[in-house]
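S.K.: Output the structure for:
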Amino acid sequence: MRFLEALAISLVFVVFSVSFHALLVYRYQSYHVFTVNRALAWLLLRSDSLPYRNNFENLVLETIPNVVYIRNGSSSKYLRNSSLVYSFRAIWLGFNGTISPKIVVVGVEP
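M.R.: Coordinates of the predicted model:
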């Protein structure tokens, strides 16, 4: 009986490992997705009060080259038209210990 249990566990492990490996190897990830995520993470780490300042849009434009639009809370700024846009979202929870969340959405073209 223990042998059948061990065989079932190893079978489930092998099926999971093979399917996970197939998803990683055969699914193409574009590099601009990683680049924009890193840029937003860098902005988030740089300061906890960036979206609450007036120069946030300029910093995003300096950091991310292919920006199509920026939504900072309720304000939106469209820079150009594009037929293919990927949207990335970051949430700033507040600054200096306050809790006033602001959602920032940046649209970039590949």
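
S.K.: Point out where this protein drops to low pLDDT.
M.R.: Applying pLDDT under 70 to the predicted model, the residue ranges of the chain that meet it are 24-35, 37, 97.

S.K.: Show me where it has its strands.
M.R.: Here the chain has its strands, by DSSP state E, at 67-72, 75-78, 86-92, 102-108.

S.K.: could these go into JSON lines alongside mean neighbour count and distance to residue 15?
M.R.: To be clear about C-beta, it is placed using only N, CA and C from the backbone, and glycine gets the same treatment. Output for these, formatted as JSON lines (neighbours: other C-beta atoms under 10 Å; distance: least, C-beta to C-beta, whole Å):
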{"stretch": "strand 67-72", "mean neighbour count": "19", "distance to residue 15": "42"}
{"stretch": "strand 75-78", "mean neighbour count": "11", "distance to residue 15": "46"}
{"stretch": "strand 86-92", "mean neighbour count": "15", "distance to residue 15": "33"}
{"stretch": "strand 102-108", "mean neighbour count": "19", "distance to residue 15": "37"}
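
S.K.: Now those strands in CSV, please, with extra columns for distance to residue 61.
M.R.: Formatted as CSV, the strands of the chain follow (distance: least, C-beta to C-beta, whole Å):
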stretch, distance to residue 61
strand 67-72, 6
strand 75-78, 10
strand 86-92, 15
strand 102-108, 10
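
S.K.: Tell me which of these lies nearest to residue 6.
M.R.: strand 86-92 (44.6 Å; C-beta to C-beta).

S.K.: Just give me how far that closest one sits from the chain centre.
M.R.: 6 Å (C-alpha atoms, centre = their mean, to the nearest Å).

S.K.: cool, stretch 45-59 as well?
M.R.: On C-alpha atoms, centre = their mean, the centre of stretch 45-59 falls 17 Å from the chain's centre.

S.K.: Repeat that for stretch 15-26.
M.R.: With C-alpha atoms, centre = their mean, you get 23 Å for stretch 15-26.

S.K.: What of stretch 5-15?
M.R.: 35 Å.

S.K.: quick one: which of the strands of the chain is nearest residue 11?
M.R.: So among the strands of the chain, strand 86-92 is nearest, using C-beta to C-beta, at 38.8 Å.
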